[in-house]
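> Using only what follows, build the 3D model:
(one chain, ligands or ions: 2)
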Amino acid sequence: MSVMGFLDEHAARACIHCGLCLGSCPTYRETGDENESPRGRIWLMRQLAAGRLSLTAGVVGPLDRCLGCRACEVACPSGVAYGALLEQTRAYVERGYRRRGWQWWLRRVLIDEVLPYPQRLRVALWPVGLARWWGRRGGLPAWLREPMELLPERWDDAPLPAESPACGPRRGRVGLLTGCVMSVLFRGTHRATMRLLNWAGYDVVVPEGQVCCGALHAHNGNLVQARHLARRNVAVFVQSGVDWVVVNAAGCGAMMKEYGHLLGDEEAMRVAGRVRDLVELLATREFPQQGTKRVTYHEACHLSHAQRIRQQPRELLRAVAGRQFVELPESDTCCGSAGSYNLTEPDMARRLQQRKVENILRSGACVVVTTNPGCQMQIEAGLRRAGARHVRVQHLADYLVERLRLR
Ligand code: SF4
Ligand code: SF4
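Ligands and ions are numbered 1, 2, ... in the order given. Coordinates of the predicted model:
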């Protein structure tokens with residue numbers, strides 16, 4: 001560990017400054033600024049850790065603008081664990097850097113205290129319909145109106161069954177992580193996930209007492225609360241006795257797969273080893289081809305870069321859509337959602353959103369499939385803004401259930 005004790009200096013030193021990661025970094029590609037690149041950010045982290053730089057706006061800004069997308073990790077020949085370095089640095093920044101006004105409120109209130117807790121989120125959503133209506137008539141400033149435009153137009157908040165049995169030959173029993181934002185805004189996707197898993201031969205249970213996976217806190221520099229939530233989930237899923245913990249949000253799956261590293265105990269490692277993204281369980285089942293409109297696939301960073309799952313979703317889509325599946329240019333480039341990034345860094349998030357929308361329109365697809373609700377909301381908002389209402393964005397589970405007529 002370094003002088004300041006927050007950074008794993010050995011891991012940071014693995015960076016040999018070769019620059020091979022630069023082309024894969026969305027913020028570097030947008031700005032051409034070394035400080036906005038993985039190499040530049042690692043240098044800033046090391047200077048902070050050594051006490052040669054202090055927490056000023058000029059240093060914290062490029063670190064805040066990192067998406068945490070981990071595209072650089074995939075490109076790095078030296079195996080730099082960038083995600084872990086960023087997590088350590090963010091925790092250090094949030095302990096020592098004084099944020100003010102809107103940024104303080106977003107990070108310390110909305111992201112730390114509201115979004116990860118479904119009951120609080122439900123209450124916070126009550127006035128949104130009216131506020132959005134008011135905002136669209138010019139009654140609210142852009143900084144207040146735009147975050148609300150990210151929300152889906154409507155959502156299904158009906159309760160989920162506690163259990164749902166397999167159809168046909170039984171392959172195992174899985175526990176579904178319902179998460180925080182997803183358990184309020186995307187219950188329909190959870191229902192679709194349960195139907196698909198039942199169809200694929202799994203009994204599904206929704207264990208009581210589970211909480212947010214902790215990713216929102218971890219990415220916001222609040223590792224204490226992230227660990228607290230992770231411990232709760234480890235206890236709940238151990239007690240449930242399931243064969244697999246299934247996750248249908250790429251960011252939550254990546255977080256849970258790292259519980260062993262986050263908590264450093266054997267039970268957490270065992271639970272982390274049983275976590276599977278939905279596509280990993282579905283990939284073992286044959287899918288019949290169904291007629292469909294032209295469909296493309298946007299890769300969620302935390303599925304493709306953090307979990308390194310790239311081919312299975314494409315194989316599922318090819319099986320169902322056949323020749324109507326088309327590749328999306330820059331499919332693995334972040335859409336700007338990146339957890340809560342589109343709230344805290346709206347300018348860069350908007351640039352990346354626009355780039356994603358242009359690529360989607362270039363692909364000619366009528367449906368964009370993804371595996372993360374954050375990406376879904378970000379892309380939907382971008383398409384609405386571009387006036388491209390003919391293009392639908394669907395979670396993979398919703399798309400498959402609809403094509404297989406399992407509803
Ligand atoms: S590719 Fe890896 S080693 Fe090279 S500059 Fe980027 S982070 Fe450093
Ligand atoms: S995590 Fe993403 S945005 Fe951050 S430095 Fe790496 S590639 Fe760039």
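> From now on I want contacts and neighbour counts done on CA atoms only, so please keep to that.
Fine.
> Excluding sequence neighbours, find me the nearest residue to residue 107.
Spatially, and ignoring its direct neighbours in sequence, residue 107 is nearest to residue 220 (6.9 Å; CA to CA, 6 or more residues apart in numbering).
> show me what contacts that neighbour?
Residue 220 makes contact with 90-91, 94, 107, 111-112, according to CA atoms under 8 Å, 6 or more residues apart in numbering.
> and the residue nearest the centre of the chain, which of the three is it?
Compute the mean C-alpha point of the chain, and by CA atoms, centre = their mean the closest residue is residue 251, 3.3 Å away. Of the three states, residue 251 takes helix under DSSP: H, G, I helix; E, B strand; the rest coil.
> following the helix or strand harbouring residue 271, which helix or strand shows up next?
In this structure, residue 271 is located in helix 266-273 according to DSSP states H and E. Note on helix 266-273: by DSSP H and E, the next helix or strand toward the C-terminus is strand 275-277.
> For that next one, which helices and strands make contact with it?
With contacts taken as 3 or more CA pairs under 8 Å, 6 or more residues apart in numbering; DSSP states H and E, strand 275-277 sits against strand 244-247, helix 250-257.
> Show me the contact partners of the helix or strand following the longest one.
Yep, that's helix 250-257 we're talking about. Toward the C-terminal end, the helix or strand that comes next after helix 250-257 (DSSP H and E) is helix 259-263. When contacts are defined by CA under 8 Å, 6+ apart, helix 259-263 is touched by residues 227, 230-231, 266-272.
> Kindly report the same for stretch 185-193.
Here stretch 185-193 has contacts from 152, 155-160, 178, 183, 248, 278, 373, 395, 397-398, 401, 407, using CA under 8 Å, 6+ apart.
> My guess is residue 205 contacts residue 172. True?
No - if you go by CA atoms under 8 Å, residue 205 and residue 172 don't touch, sitting 11.1 Å apart.
> For these two, indicate the residue with more neighbours.
Per other CA atoms under 10 Å, whichever of residue 205 and residue 172 has more neighbours is residue 205, with 21 against 16.
> what sits against the more buried one?
Residue 205 makes contacts with 162-164, 173-176, as judged by CA under 8 Å, 6+ apart.
> Check what pLDDT it gets.
Reported pLDDT at residue 205 in the predicted model: 98.
> swap in the one 5 residues further on?
Residue-level confidence at residue 210 comes out at 98, pLDDT.
> How is it assigned, secondary-structure-wise?
Relying on three-state DSSP, one would call residue 210 coil.
> tally of neighbours for it?
20.
> what's the answer for residue 127, then?
By other CA under 10 Å, the residues close to residue 127 number 9.
> which parts of the stretch 1-150 of the chain sit against ligand 2?
Within reach of ligand 2 by CA under 6 Å from any ligand atom, the stretch 1-150 of the chain has these residues: 24-27, 37-38, 66-72.
> and which of those residues is nearest to residue 137?
For those, the residue nearest residue 137 by CA to CA is residue 67; the value is 31.8 Å.
> tell me the secondary structure for the closest one?
coil.
> So for stretch 279-288, mean pLDDT?
87.
> How about it, which residues are buried there?
Going by neighbour count (16 or more other CA atoms under 10 Å), the buried part of stretch 279-288 is 279, 281-282, 287.
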